[in-house]
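Colleague: Here is my input; please provide its structure:
(one chain, ligands or ions: 1)
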Amino acid sequence: MHGAVGLGIWEALYDAARATLCEAPLAAASLQLGVWQDVGLKACGHCAACRLMAAGTHPDLMLLVPDALLPELGVNTQESNEVPVASEKRAPSKEIGIDAIRGLVEWAHGTSHRGGSKAAVIYPLDAMALPAANAMLKTLEEPPPGLYFYMGTHRLDRVLPTIRSRCRLMTMPRPGRAEAMQLLQSREYSNAEEIADWCRNAAHDIEPQRGMEWARKMLAAVVSGQGSLTGGEAGQVPAMPAAIAALQKISVDLMRVRLGLDPVYMPSEKAALGRLATMAEARPLQDFWQRLARLSSTANFPLHAALASESLVLEFKQLFMRRAH
Ligand SMILES: [Zn+2]
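Modeller: Take a look at the predicted model:
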């Protein structure tokens, strides 16, 4: 399954795996995510299997997620229940490594502990390094009977063709306005409408408003600074992926406003965007936006993340200097 960040891909994968292993599954009529037609079921949440999954101890469920993502996804795993080694100060890995894949392959060829199906969830699929991906090709091509793989990525272009060709691809649909609003209101955001605009309803992200507050402050700072590079403080610049995403959204809105269209990401900032749109020229703005698009494909691997995002902000501000004196 592939699609943008915030569409709920992890949730869909995990729900499908739970439905596969649940021993008293409910009919799909009550399933909100209609994307898993061939699962067609929803976990009951109460049976022995569901209780084991909730505790992170179901022996027939394998979750392969980089350590660094576990807290964000709220995953309960057996490992995280153990007492951490006191001296272990290593940063959590952002990759799915070969050791994890070897463990998966061994687990895949063992028998089911509870006598039913087995499910492996791998997310994000593009976090798998080349040797790890190669190590699982054979198992993916000829999985033991009763084993289901649920895999997801936000960057299908980064998944190896050899892996891709062994998968059935599904595109995660973008939630509608009502669904996004329901989710945001359940998290008690006071500015749910603005957040829904900012993320175009992709509200499943852990912090869907990430970057929005900064973007608004920065717009105000640039407007009040009249194109000065030093005027107005917008607060700390977010790290690379978030900074690029925020600047992309602002740039799109600026280009739209220049063309006489309404902004889509920040409709409430129409006045500030309109003011800035008159200060920037079309071509440099478009060039900057294209540069951001290229950068976004490598945004997770910058050598100096903070430095790089600061310099992008400087570039952004320079867009509005050309007509200032
Ligand atoms: Zn159940």
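
Colleague: Nearest to the ion: which residue in the stretch 201-325 of the chain?
Modeller: Going by C-beta to the ion, the ion is nearest to residue 204 of the stretch 201-325 of the chain, at 22.9 Å. Bear in mind the C-beta positions are built from the backbone N, C-alpha and C, glycine included.

Colleague: What about that residue, how many residues nearby?
Modeller: Residue 204 has 21 neighbouring residues, counting by other C-beta atoms under 10 Å.

Colleague: the helices in this protein, which residues?
Modeller: Per DSSP state H, the chain carries helices over the ranges 9-21, 48-55, 70-73, 78-81, 98-108, 130-141, 161-164, 177-186, 192-198, 212-224, 240-258, 270-279, 282-296, 305-318.

Colleague: does the ion sit close to the first one?
Modeller: When you say that, I think you mean helix 9-21. No. Shown here: helix 9-21 not in contact with the ion (C-beta under 5 Å from the ion), separated by at least 7.5 Å.

Colleague: Which elements pack onto that helix?
Modeller: strand 41-42, helix 48-55, strand 61-64, strand 118-122, strand 147-151 (3 or more C-beta pairs under 8 Å, 6 or more residues apart in numbering; DSSP states H and E).

Colleague: mean confidence score for the longest one?
Modeller: By that I understand helix 48-55. Model confidence over helix 48-55, given as mean pLDDT, is 95.

Colleague: Show me the one of the helices and strands packed on helix 9-21 that comes nearest the ion.
Modeller: Of those, nearest to the ion by C-beta to the ion is helix 48-55, at 3.3 Å.

Colleague: just for the stretch 101-250 of the chain, where's the confidence low?
Modeller: Confidence mapping of the stretch 101-250 of the chain against pLDDT under 70 gives the ranges 226-234.

Colleague: Residue numbers of the chain in contact with the ion?
Modeller: Within the chain, the positions adjacent to the ion are 22, 43-44, 47, 50 by C-beta under 5 Å from the ion.

Colleague: quick one: which of those is most hemmed in?
Modeller: Neighbour max across the residues of the chain next to the ion (other C-beta under 10 Å) = residue 43, 24 neighbours.

Colleague: Residue 15 is in contact with that one, correct?
Modeller: Yes. Counting by C-beta atoms under 8 Å, residue 15 is a contact partner of residue 43 at 7.0 Å.

Colleague: With adjacent residues omitted, what lies nearest to the residue of the stretch 201-325 of the chain closest to the ion?
Modeller: For residue 204, ignoring the flanking residues on the chain, the nearest one in space by C-beta to C-beta, 6 or more residues apart in numbering is residue 8 at 3.7 Å.

Colleague: Pretty sure residue 201 is one of the things that neighbour touches, is it not?
Modeller: No. The pair residue 8 and residue 201 does not pass the contact test of C-beta under 8 Å, sitting 10.6 Å apart.

Colleague: Neighbour count: the two, which is higher?
Modeller: residue 8 (26 against 22).

Colleague: Mutual contacts of residue 8 and residue 201, please.
Modeller: residue 175 (C-beta atoms under 8 Å, 6 or more residues apart in numbering).

Colleague: contacting residues around residue 97?
Modeller: Contact analysis of residue 97 by C-beta under 8 Å, 6+ apart lists 129, 132.

Colleague: mind redoing it with 10 Å?
Modeller: For residue 97, the contacting residues are 64, 66-67, 103, 127-129, 131-132, 135, by C-beta atoms under 10 Å, 6 or more residues apart in numbering.
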